[in-house]
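**Q** Predicted coordinates and the sequence they were generated for:
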Amino acid sequence: MCGRYANTKSGEELGRYFEADEVDQVRLPPSWNIAPTQQVHVVVDTVPRDLAGSGGSAPVTRRVTTARWSLVPRFAKELTSKYPTFNARSETAAEKPTFRSAVVRSRALVPADGYYEWLTVGKTKTPYFVTDPVEGELAFAGLYSWWRAAAGAGAVAGAGSSESEGAEPEPWVLTATILTRAAAGPAARIHDRIPVMLPRSEWDTWLDPTIAGDHALVQHAVAASQPVIERLAVHEVAPLRGDGPELIAPLNPL
């Protein structure tokens, strides 16, 4: 799983790294302790709505933007959920109602310097930081969804909605999740789950909204993540408190 990670690069830096066409003008500060429901950078490819599904001929735009880390499907009545949705299991994402429509055409990359995982022995949990020593940047396979409160939600039956009374409509909220898979490589000694991390050669296929995603595409991404997972570096860190570069300082190498 992935419940905390670090990203210290700006949108502009990520735009250069991921070869984006556009970078949204939303500033996020560097963070070494990103938690679910916070705003995070995501990389998405989009095509004009009327050309989606046209099969490769549509112009694709790659964009670095921000999203709320915890996916909320459009059918949800509220932005918050009693079930955690910051991770999606790769084994079932294509069939779960919360994630399956995003698998089809709303796939993303979530950039990270590295992520944290906890080794549990009895009642003791020891945090570790996981990085890619080759690339120095991780590209988590993710999914995204736009959500907005239903028009007139909470209004008295028979009364007009706030929009009909001239108020501004509720804004759309971009939300995202990170796919996980069975652990392998060095990080498997810490936890039995691990984020799906894609090599550069797989970015275009995963992000391409003209490709209708399904379980086979998700499993292709899982298989493609294996070389990255095998080369990960893992080191113990101090308990996570606050936010700063000291959080990723190594204690005892694993």
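**A** All right, it came through fine. Keep in mind the model is a prediction, meaning the values are calculated, not measured.

**Q** Next, the contact list for L28, please.
**A** Residues in contact with L28, defined by C-beta atoms under 8 Å, 6 or more residues apart in numbering, are N7, S10, G11, Q39, V40, H41, T66. (Each C-beta comes from the backbone N, C-alpha and C, glycine too.)

**Q** Can you tell me the SS state at it?
**A** Using DSSP: H, G, I helix; E, B strand; the rest coil, the structure places L28 in coil.

**Q** going forward can the numbers begin at 542, since that is how I track them
**A** Sure thing, new numbering starts at 542, so read that last one as L569.

**Q** Start from the N-terminal end of the protein and give the strands.
**A** With strands called from DSSP state E, the chain shows them at 546-548, 563-564, 572-575, 580-587, 602-610, 628-630, 648-653, 655-662, 665-672, 679-688, 714-723, 734-736, 774-777.

**Q** Now do the shortest one: which elements does it pack against?
**A** Spelled out, it's strand 563-564. Where contact means 3 or more C-beta pairs under 8 Å, 6 or more residues apart in numbering; DSSP states H and E, strand 563-564 is packed against helix 552-558, strand 602-610.

**Q** Kindly reformat the ones you listed as a markdown table containing distance to A653, mean neighbour count and mean pLDDT.
**A** As requested, these are arranged in a markdown table below (distance: least, C-beta to C-beta, whole Å; neighbours: other C-beta atoms under 10 Å; pLDDT from 0 to 100):
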| stretch | distance to A653 | mean neighbour count | mean pLDDT |
| --- | --- | --- | --- |
| helix 552-558 | 10 | 17 | 96 |
| strand 602-610 | 11 | 20 | 96 |
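
**Q** right, and these - which one's nearest A790?
**A** helix 552-558 (22.0 Å; C-beta to C-beta).

**Q** just checking, what packs against that closest one?
**A** strand 563-564, strand 580-587, strand 602-610.

**Q** Determine how far stretch 750-769 lies from the middle of the whole chain.
**A** 15 Å (C-alpha atoms, centre = their mean, to the nearest Å).

**Q** Before I go, just wanted to say thanks for your time.
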